[in-house]
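> Here is the input, now give the coordinates:
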Amino acid sequence: MNLRNRHRDEGEVHTGPLNDILFILLLFFLIVSTLANPNVVKLSQPKSKSDTKSKQTVVVSINADKQFFVGTTPVALAELKSKLQPFLAKEADQPAVVINADKSVPIEDVVAVMRVARDLGAKSVLAVDKNGVQ
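Numbers count the residues shown, from 1 in each chain. The predicted model follows:
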């Protein structure tokens, strides 16, 4: 009498749903990475009720300690023109410099960045918080 099981079941790993899960995760991370803001300089911006959109060529940030940043790179005010020139030279149509300044920064520093942008032939746009006037 043979008591052994003739049809032995072997375990299988079903990997069909794994492709779907990986595809969904890939899409999720791609979408989230495009929404991330590359400007990591933390500032409290002035408030405004209107919202004007502008294509930004380069972002100049000024923090509360009067430190200037082109993107996230610290720059002295005297070197600002030479640091902005390569960014603005790449742009074929009207280049724009977005000024992202803390609300405690004196207006003279913002105007100095606007003058540099004007000298380089770019328009300047002041970034503000869209939650309204304080």
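> What's the local residue count around the closest residue to K123 other than its chain neighbours?
Leaving out its chain neighbours, the residue that sits closest to K123 by C-beta to C-beta, 6 or more residues apart in numbering is A96, at 5.2 Å. From N, CA and C alone the C-beta is placed, and that goes for glycine too. A96 has 18 neighbouring residues, counting by other C-beta atoms under 10 Å.
> So which residues of this structure form helices?
Assigned by DSSP state H, the chain shows helices spanning 16-35, 80-90, 107-119.
> now T57, nearest residue through space, not along the chain?
Closest residue to T57 apart from its sequence neighbours, by C-beta to C-beta, 6+ apart: P95 at 4.3 Å.
> The one you found reaches L88, doesn't it?
Yes - using C-beta atoms under 8 Å, P95 is in contact with L88, at 4.4 Å.
> where's Q94 relative to A127, distance?
Plainly put, Q94 is 17 Å away from A127 if you go by C-beta to C-beta, to the nearest Å.
> quick one: which of those two has more around it?
When neighbours are counted by other C-beta under 10 Å, A127 comes out ahead of the other of Q94 and A127, with 19 against 11.
> got the contact list for that one?
Residues in contact with A127 (C-beta atoms under 8 Å, 6 or more residues apart in numbering) are 45, 59, 98-101.
> Rebuild those as CSV, extending it with distance to D65, pLDDT and neighbour count.
Below are the contacts of A127 laid out as CSV (distance: C-beta to C-beta, whole Å; pLDDT from 0 to 100; neighbours: other C-beta atoms under 10 Å):
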residue, distance to D65, pLDDT, neighbour count
Q45, 16, 61, 15
V59, 18, 87, 21
V98, 20, 88, 19
I99, 16, 88, 20
N100, 14, 86, 20
A101, 12, 87, 25
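> Now intersect the residues you listed with the strands, please.
Among the contacts of A127, the residues falling in strands (DSSP state E) are 59, 98-101.
> Next, count neighbours for the residue nearest to T57.
Neighbour tally, P95, other C-beta under 10 Å: 20.
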